[in-house]
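Asker: One predicted model, sequence on top.
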Number of protein chains: 2
Amino acid sequence: MIKHALSVTRDGDFAQWYQTVISEADMAEDSGVRGCMVIRPWGYGIWERIQRLLDDRIKATGHENCYFPLFIPLSYFEKEAEHVDGFAKEMAVVTHHRLIQKDGRLVPDPEAKLEEPLVVRPTSETVIGAAMSRWVQSWRDLPVLINQWANVVRWEMRTRMFLRTAEFLWQEGHTAHATVEEAQEETRKMLEVYRDFAETCLAMPVVAGEKPENERFPGAVSTFSIEAMMQDGKALQAGTSHFLGTTFSSAQDIKFQNSEGQFELAQTTSWGVSTRMIGGLIMVHGDDDGLRVPPMVAPWQIVIVPMLRDQPEDAATIDYCKSLQAELAKLTALGEPVRALLDLKAVKAQTKRWGWVKKGAPIVIEVGGRDVAGGNVSVIQRNKLYREDGKLDSRIMPRGDFVAEAAAILESIQQGLYLDARERLDSNIRRDVTDFDGLAAMFADSVKFPGWAEVSWAKPTGAELDAVVERLKALKLTFRNVPGTAAPAEGTCLFTGKPAVERILVARAY
Amino acid sequence: MIKHALSVTRDGDFAQWYQTVISEADMAEDSGVRGCMVIRPWGYGIWERIQRLLDDRIKATGHENCYFPLFIPLSYFEKEAEHVDGFAKEMAVVTHHRLIQKDGRLVPDPEAKLEEPLVVRPTSETVIGAAMSRWVQSWRDLPVLINQWANVVRWEMRTRMFLRTAEFLWQEGHTAHATVEEAQEETRKMLEVYRDFAETCLAMPVVAGEKPENERFPGAVSTFSIEAMMQDGKALQAGTSHFLGTTFSSAQDIKFQNSEGQFELAQTTSWGVSTRMIGGLIMVHGDDDGLRVPPMVAPWQIVIVPMLRDQPEDAATIDYCKSLQAELAKLTALGEPVRALLDLKAVKAQTKRWGWVKKGAPIVIEVGGRDVAGGNVSVIQRNKLYREDGKLDSRIMPRGDFVAEAAAILESIQQGLYLDARERLDSNIRRDVTDFDGLAAMFADSVKFPGWAEVSWAKPTGAELDAVVERLKALKLTFRNVPGTAAPAEGTCLFTGKPAVERILVARAY
């Protein structure tokens, strides 16, 4: 039997396993500040890769990056009631701008109270809308296509690293257009950018589709999402794209003169993904030995570990490793130069090996004196860690062969992780559930991995929808989205018995 | 006489000229939120270039990026009195985590008052120190070499775009070491990284040296800076590097067991540069036609403007421009692929030309029907905008010649901007001032461009130093730093008459 690197397995306790991966892979830790985490180099390195690859795509679709204030005056929020209702309960509020000493403690200076409190941005529609109203006068100024990489704060009561933290990092795109059609096209275009990014770069297959009314962003006319399936069968909303209509342009007065000289409100959109994606990455690709990072977003794709013995021949081993690293750095894999690290830390080789396995570096190369003498390397592929007999699969290869194959191996790891996750997603969406009892049975407590159900529904609204949502809530279920690729609805609505109009995904969710 | 693109000249009103460049080059604008600016695409694009180039250097010197919380509990600050004194007067304080409606207005919910107020980070020594105390147990855990790209807030009463804003963007490096020597070496190494970066990438010559006692970072044992000379002769502190000794390791308990098994406090450092550098860039390289961006940090190095006439031949002009752009994008200049933009916005070519001149794109290429027919391009170099007769210097060149020379032209622009600024800095430091009256005369109100004085001083401390600082303040002067490259001190101290021990820079400053 295999003795895995982690003390907890996915099967044993998925939630505990998730926390263990984060801590054993040195990705993040509690900061001591309520609801906020410290993102450590390996976790932040993955975020930097996500930023670079997604930013390229955001720019390639014509958007430019800007930076807007962290603070938003309360009056900006007051202009849009629905938006306020969505966020007021979880906002960090700045009320003072100075501290003083009082009885040996630091306290906010009562003399330095702000006339108008400031909110730490939970999202930037209001403050960016105010800027757009300055920028947009004529149809010639449209579209405005901008994006911001920033931190935002939502005072969540129950937090979980990467998935739900008081402060998190994200990008938020904001655009303004002359017509509804153009704005809707933008909303769908960015959803498609997210889908492609998640599947290509994160090797994380997703279902892209429209959210039902009750799951819309506060103030949106329509909200679209990409949903990924975690290994415990739950759904993770990994990105959203909103068509906002004139909600924010009327609140912030984003008005333009059209080519006939008449004034119109602009149609706006917003869309974002966050550090939450890293939580998804862990729960899609992790295994009982830790994380497995897809090569495209791995800070280091190949890690070279020299096996040193405090002997004179160590120098030759290190030289051999250095020249190997230089050779690998000249290769191109997955469209970019290969990222190879030589790990020279003063730590035992065995500890390093398992450290990199837990971090999920795609390839670990070990080089000992015998490898140097034979012109070989010992290769560990993170996606094929064990042989059939349960022993670690460390393959000795001629160095030249490995260098020649390294790019192809990285590409096969990227592809393999995607195909495994794709297979899991495709085979765990049930489409044969037609009544509520069947749904309840599918998600009974005794079922360990229920997956998702795609069901027919009549798309009820208002109070009728609320009632359905309450029934789902009792089963700890939520609507995810109406997949863009779903087959047309047949028969009757699972919830209301009325003629069905579309197919919608139902699942437990993070 | 040349009619320049801006309505204000440097000579006429330098402060107004600075604001005009920022606005005419679309770099930034007031946000409506007190003390905070909106950084627009051209300004943010320069910041992205700064980030990419400096980040490469920070990583190449062994540092890894992390992310720490935006919020710092008051108790973290209470542990280090000197540090608190330096920042308490300008801190944004979060006191509530929810808003409610009251009399139709949004107000902080009195029921949602935080037990311990949180400060929005003005700098992160305290919260990063707390993390380091978790990470460091043994000498084997040292050094810890980390960096963070983040926003910080200092509630400045008088703000000025890029130079002094309530919120600004920066990187802050934080390291912990086993010995004083190692930490001091790190402090100097990062100062040198900043010097090299400023001079190589920003074409901004600086003087690197140690700050006097009164200019130290709150809590630092020693502070070093790079100082740049603006075109009005004032100094701009463009980056700092601090040796913090055990100030923060004792406050945050960063303790390690040395190789003899004894416990010691770690020696820490911190160092940072911010969006302030962009203010320096403007005041070093701008001219009466707007900004001039050094090619290494220009978001676009070559901008192609097609001269369209709403005629059928426009299609051929656009094709010609597209293939030119593709050809240029294959070139390498200054160590990276050339960044060439084809500007297809629905704006008149004349407006575009002057827009890019004001933004300071290094090269603007105009292509009209005649250029297409003749296989030519019209080249405007931002650093040589006018001919001797005062007319715009637009050179017609065979397209192939331009492509062959483009990389060399970009390199010569980068070099030329540096040499001009270097000449200005070198020729405007006076080293012959030996008494206070001479200093006062040099900085008399009637002198338009006094530059800096490098004078001998006895390095007084405490009250004696305070008295000197007060005398300087009366002349609106400050100490900048003791240049690392200054000649040994001779004679007596200009301020105290005592034997001089070193040479220090005196200047007006931003």
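Answerer: The structure has been received and is ready for your questions.
Asker: what's the neighbour count on residue A:473?
Answerer: Residues near residue A:473, counting by other CB atoms under 10 Å in any protein chain shown, number 10. Every residue, glycine included, has its C-beta placed from N, CA and C.
Asker: now swap in residue A:440 and tell me
Answerer: Per other CB under 10 Å, the neighbour tally for residue A:440 reads 14.
Asker: same deal with the one 4 residues further on?
Answerer: Residues within reach of residue A:444, counting by other CB under 10 Å, total 9.
Asker: Assign a three-state SS to it, would you?
Answerer: Reducing the assignment at residue A:444 to three states with DSSP: H, G, I helix; E, B strand; the rest coil gives coil.
Asker: What distance do you get for it to residue A:125?
Answerer: As judged by CB to CB, to the nearest Å, residue A:444 and residue A:125 stand 41 Å apart.
Asker: And for residue A:144?
Answerer: 13 Å.
Asker: shared neighbours of these two, anything?
Answerer: Common contacts of residue A:144 and residue A:125 (CB atoms under 8 Å, 6 or more residues apart in numbering or on different chains): residue A:174.
Asker: who's more crowded, those two?
Answerer: Using other CB under 10 Å, the more surrounded residue of residue A:144 and residue A:125 is residue A:125, with 29 against 20.
Asker: element containing the residue most central in space within chain A?
Answerer: Averaging the C-alpha coordinates of chain A gives a centre point, and the residue nearest to it by CA atoms, centre = their mean is residue A:277 (1.3 Å). Assigning secondary structure by DSSP states H and E places residue A:277 in helix A:276-285.
Asker: Whether whichever helix or strand comes after that helix contacts chain B - can you check?
Answerer: Past helix A:276-285, heading to the C-terminal end, the next element that is a helix or strand (DSSP H and E) is strand A:302-306. No. Looking at strand A:302-306 against chain B by CB under 8 Å from any CB of the partner chain, there are no contacts, and the closest approach is 14.3 Å.
Asker: Okay, helices next: where are they in the stretch 151-300 of chain A?
Answerer: Under the criterion DSSP state H, counting those that start in this stretch, the stretch 151-300 of chain A contains helices at A:180-200, A:247-252, A:276-285.
Asker: Most tightly packed of those?
Answerer: Most buried of these, by mean neighbour count (mean count of other CB atoms under 10 Å in any protein chain shown): helix A:276-285, with a mean of 25.
Asker: Mind listing residues that contact that one?
Answerer: By CB under 8 Å, 6+ apart, helix A:276-285 touches A:18, A:21-22, A:27, A:43, A:46-47, A:50, A:160-164, A:168, A:198, A:202-204, A:228-232, A:236-239, A:291-294, A:297, A:360, A:417, A:421, A:510.
Asker: just those residues that are near chain B?
Answerer: With respect to chain B, and counting by CB under 8 Å from any CB, the subset of these in contact is residue A:47.
Asker: how about the lowest-mean-pLDDT helix or strand in chain A, does it get close to chain B?
Answerer: Ranking every helix and strand in chain A by mean pLDDT, DSSP states H and E puts helix A:81-87 at the bottom, with a mean of 81. Yes. Shown here: helix A:81-87 in contact with chain B (CB under 8 Å from any CB) through residue A:84.
Asker: which helices and strands sit right next to that helix?
Answerer: Of the remaining helices and strands, those touching helix A:81-87 by 3 or more CB pairs under 8 Å, 6 or more residues apart in numbering or on different chains; DSSP states H and E are helix A:74-78, helix A:247-252.
Asker: Go again with 7 Å.
Answerer: helix A:74-78 (3 or more CB pairs under 7 Å, 6 or more residues apart in numbering or on different chains; DSSP states H and E).
Asker: helices or strands up against the helix it packs on?
Answerer: Packing partners of helix A:74-78 (3+ CB pairs under 7 Å, 6+ apart): helix A:81-87, strand A:113-120, helix A:125-135, strand B:105-108.
Asker: Give the buried residues for the first one.
Answerer: Of the residues in helix A:81-87, A:83, A:84, A:86, A:87 count as buried by neighbour count, 16 or more other CB atoms under 10 Å in any protein chain shown.
Asker: Quick check: closest non-adjacent residue to the residue of the stretch 301-450 of chain A at minimum distance from chain B.
Answerer: Scanning the stretch 301-450 of chain A for proximity to chain B using CB to the nearest CB identifies residue A:346 as nearest, at 6.0 Å. In space, residue A:346 comes closest to residue B:140 once its chain neighbours are excluded; the distance is 6.0 Å by CB to CB, 6 or more residues apart in numbering or on different chains.
Asker: Could you give the secondary structure assignment for that neighbour?
Answerer: helix.
Asker: contacting residues for the residue lying closest to residue A:111 once chain neighbours are set aside?
Answerer: Leaving out its chain neighbours, the residue that sits closest to residue A:111 by CB to CB, 6+ apart is residue A:98, at 7.5 Å. The neighbours of residue A:98, taking CB atoms under 7 Å, 6 or more residues apart in numbering or on different chains as the test, are A:109, A:112, B:88, B:89, B:90, B:91.
Asker: Throw the helices and strands packed on helix A:74-78 into TSV and include distance to residue A:56, thanks.
Answerer: Formatted as TSV, the helices and strands packed on helix A:74-78 follow (distance: least, CB to CB, whole Å):
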stretch	distance to residue A:56
helix A:81-87	31
strand A:113-120	29
helix A:125-135	22
strand B:105-108	39
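Asker: Now do the SS call for the residue of chain A most remote from its centre.
Answerer: With distances taken as CA atoms, centre = their mean, the residue sitting farthest from the centre of chain A turns out to be residue A:312, at 47.0 Å. Following three-state DSSP, the label given to residue A:312 is coil.
Asker: who does residue A:396 bridge with?
Answerer: For residue A:396, the beta-bridge assignment (DSSP bridges) gives partners residue A:378.
Asker: thinking again about what came up before, now the helix holding residue A:277 against helix A:180-200, angle please.
Answerer: Here helix A:276-285 points in a direction 40 degrees away from that of helix A:180-200 (axes from the mean of the first three to the mean of the last three CA atoms, to 10 degrees).
Asker: Restricting to C-alpha, output helix A:276-285 in PDB.
Answerer: Taking only C-alpha atoms (Å, rounded to 0.1, in the frame of the first residue of the first chain), the coordinates of helix A:276-285 have been written out as PDB:
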ATOM      1  CA  ARG A 276     -10.400  32.000  -5.400                       C
ATOM      2  CA  MET A 277      -9.200  30.300  -8.600                       C
ATOM      3  CA  ILE A 278      -6.300  29.000  -6.700                       C
ATOM      4  CA  GLY A 279      -8.700  27.300  -4.300                       C
ATOM      5  CA  GLY A 280     -10.300  25.700  -7.300                       C
ATOM      6  CA  LEU A 281      -6.900  24.600  -8.700                       C
ATOM      7  CA  ILE A 282      -6.200  22.800  -5.400                       C
ATOM      8  CA  MET A 283      -9.600  21.000  -5.300                       C
ATOM      9  CA  VAL A 284      -9.500  20.000  -9.000                       C
ATOM     10  CA  HIS A 285      -5.900  18.800  -9.200                       C
END
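Asker: Rounded mean pLDDT for it, please.
Answerer: Helix A:276-285 shows a mean pLDDT of 98.
Asker: Let me know which of the helices and strands packed on helix A:74-78 is the nearest to residue B:384.
Answerer: Residue B:384 sits nearest to helix A:125-135 of all the helices and strands packed on helix A:74-78, at 32.6 Å, using CB to CB.
Asker: And for stretch A:417-434, what's in contact with it?
Answerer: The set of residues that contact stretch A:417-434 without belonging to it, under CB under 7 Å, 6+ apart, is A:199, A:203-205, A:229, A:233, A:284-285, A:292, A:294, A:383, A:439, A:442, A:451-455, A:491, A:494.
Asker: Sounds good, over and out.
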